[in-house]
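Student: What follows is a predicted protein model with its sequence.
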There are 2 protein chains.
Amino acid sequence: MRKLKYAILGLINRKPMTGYDLTIEFDKELASFWYAKHSQIYPELKKLTDENLITFETVIQGEKLEKKVYTITEKGKQELKNWILRDEPLEPTPKDVFRLRAYFIELMNKEEIIQQFTAQLEKRQKKLAVLQSAMENLLETKDISNIISEEFGDYIVLKGAIMREQAYIDWLNECLAAVKASSYKTPSPGL
Amino acid sequence: MRKLKYAILGLINRKPMTGYDLTIEFDKELASFWYAKHSQIYPELKKLTDENLITFETVIQGEKLEKKVYTITEKGKQELKNWILRDEPLEPTPKDVFRLRAYFIELMNKEEIIQQFTAQLEKRQKKLAVLQSAMENLLETKDISNIISEEFGDYIVLKGAIMREQAYIDWLNECLAAVKASSYKTPSPGL
DNA sequence: ATTATACATGTAAATGTTGACATGTTTCAA
DNA sequence: TTGAAACATGTCAACATTTACATGTATAAT
């Protein structure tokens, strides 16, 4: 599968980067659809170098701090272009711990259900707000008129992330409304 | 983390099951938010048994086929109830290979983009249709009026899956509309 | 009768991922 | 000037997950 391979190849293809830059990029720009820890990135960079898909140049930062700036090779570009056009079957739906808890709703009483769903809703709303302000910023600073551009790629995945979060929030609100409307009364313990 | 532990505990809490039953359950009922292969399930059942969270009874099916029917213990129920009320921070957004490809849109030309997004749209629409017919069936066969019930749990996660797929489809349609409306012309090769 | 499919349970090697350990430099603010 | 935060690169053990290997029974249709 080697998905991390293509995530890294795609990023380095955009512009030469260090392992540290990749780590930041995964945390910031790709966070809404991919992530990787530095402990996974550095070994993968070594592997890609061994496979001649990337090369690096050691650059001295300041007095003595060495960093490795990686650049994609022709071979790397070919593999990347080959991957991007592959038509693969739909992945299994990703795991979601909150939905797993929601499925086992029979283990909670009405108050606990409302508490759980409300807490989740608040977290999701905060996340949505962050995405929306990122979108405002993107629209102010980037030109997305050319669909064959990194900027348009940035735009559509952010748009997708906002729509996904909104749908999650809509679902949580629907669940909360149904639960609150329910006449089921939690038996008072000890009465 | 041991998330599979709680998925299994929750299912066995609903009713006693074999490892095979769990495998089917993950593939069918839980597919929209969890999954596990039998090669992961059997060792986990062994572990949960060692931890006294479940016990099993060997049942003979037909002449000699042995199956192990697992039942949750009191200790298992306690751990499950404890887990369901835990308030944990939002998980990182799940990885999504299609969004990763979409992000690197600059690697495709207009025709390729339309082809990729259309193919994805068709797959998602088929998936949505499956979910919608599952919902029709659920509403016909199950009573979801009691919110503290397995049936209501089944209902809300299915509702959530439908809303999530619809949002994905809406996003794909928006992307396709933007791409098709774009005046950017792919340079004809060789002219 | 035979055969395909579903039922049933496991293990082992490889791969993917996380969390902790380990080390050192540079920059900026107090 | 000193201390915190950011910059920078790595390894290792443990855990999670997949793929392949491995075996056998029961049932239903042909």
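Tutor: Good, I have the coordinates.
Student: okay, CA-based contacts and neighbour counts for the rest of this
Tutor: Will do.
Student: show me what contacts the closest residue to A:G76 other than its chain neighbours?
Tutor: Nearest residue to A:G76 in three dimensions, chain neighbours excluded: A:L53, at 4.0 Å (Cα to Cα, 6 or more residues apart in numbering or on different chains). By Cα atoms under 8 Å, 6 or more residues apart in numbering or on different chains, the residues touching A:L53 are A:L9, A:I72, A:T73, A:E74, A:K75, A:G76, A:K77.
Student: Look up phi and psi at A:L53.
Tutor: phi -90, psi -20 (degrees, to the nearest 10).
Student: How about chain A: which residue is closest to DNA strand C?
Tutor: Across chain A, no residue is closer to DNA strand C than A:E63, which sits at 3.3 Å (Cα to the nearest atom of the strand).
Student: quick one on the thing from earlier: ok, the residue nearest to A:G76 to B:R2 distance?
Tutor: Relative to B:R2, A:L53 is positioned 36 Å away (criterion: Cα to Cα, to the nearest Å).
Student: Could you chop chain A up by domain?
Tutor: Domains of chain A are assigned by automatic domain parsing as A:3-84, A:97-181.
Student: residues touching A:M108, list them.
Tutor: B:K81, B:I84, B:L85, B:I148 are the contacts of A:M108 under Cα under 8 Å, 6+ apart.
Student: what packs against the helix or strand the first one falls within?
Tutor: It refers to B:K81. Per DSSP states H and E: B:K81 is located in helix B:74-84. Helix B:74-84 is packed against helix B:3-14, with contacts defined by 3 or more Cα pairs under 8 Å, 6 or more residues apart in numbering or on different chains; DSSP states H and E.
Student: Tell me if the helix it packs on is near DNA strand C.
Tutor: No - applying Cα under 7 Å from any atom of the strand, one finds helix B:3-14 separated from DNA strand C by no less than 12.1 Å.
Student: quick one on the thing from earlier: ChimeraX command for the buried members of the contacts of A:M108?
Tutor: The ChimeraX command for the buried members of these (criterion: 16 or more other Cα atoms under 10 Å in any protein chain shown) is given here:
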select /B:84,148
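Student: so can I have CSV of the contacts of A:M108 showing distance to B:L131?
Tutor: Below are the contacts of A:M108 laid out as CSV (distance: Cα to Cα, whole Å):
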residue, distance to B:L131
B:K81, 29
B:I84, 26
B:L85, 28
B:I148, 23
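Student: can you pull the alpha-carbon coordinates of stretch A:42-59 into PDB?
Tutor: What follows is stretch A:42-59 as a C-alpha-only set of coordinates in PDB (Å, rounded to 0.1, in the frame of the first residue of the first chain):
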ATOM      1  CA  TYR A  42      12.400   9.900   9.100                       C
ATOM      2  CA  PRO A  43      12.600   6.100   8.400                       C
ATOM      3  CA  GLU A  44      10.300   6.500   5.300                       C
ATOM      4  CA  LEU A  45      12.600   9.300   4.000                       C
ATOM      5  CA  LYS A  46      15.600   6.900   4.300                       C
ATOM      6  CA  LYS A  47      13.600   4.300   2.400                       C
ATOM      7  CA  LEU A  48      12.600   6.600  -0.400                       C
ATOM      8  CA  THR A  49      16.200   7.800  -0.700                       C
ATOM      9  CA  ASP A  50      17.300   4.100  -1.000                       C
ATOM     10  CA  GLU A  51      14.700   3.600  -3.700                       C
ATOM     11  CA  ASN A  52      16.000   6.700  -5.600                       C
ATOM     12  CA  LEU A  53      12.600   8.400  -5.500                       C
ATOM     13  CA  ILE A  54      14.100  11.400  -3.600                       C
ATOM     14  CA  THR A  55      17.600  12.800  -3.000                       C
ATOM     15  CA  PHE A  56      18.900  15.100  -0.300                       C
ATOM     16  CA  GLU A  57      21.300  17.900   0.100                       C
ATOM     17  CA  THR A  58      22.800  18.600   3.500                       C
ATOM     18  CA  VAL A  59      22.400  22.300   4.400                       C
END
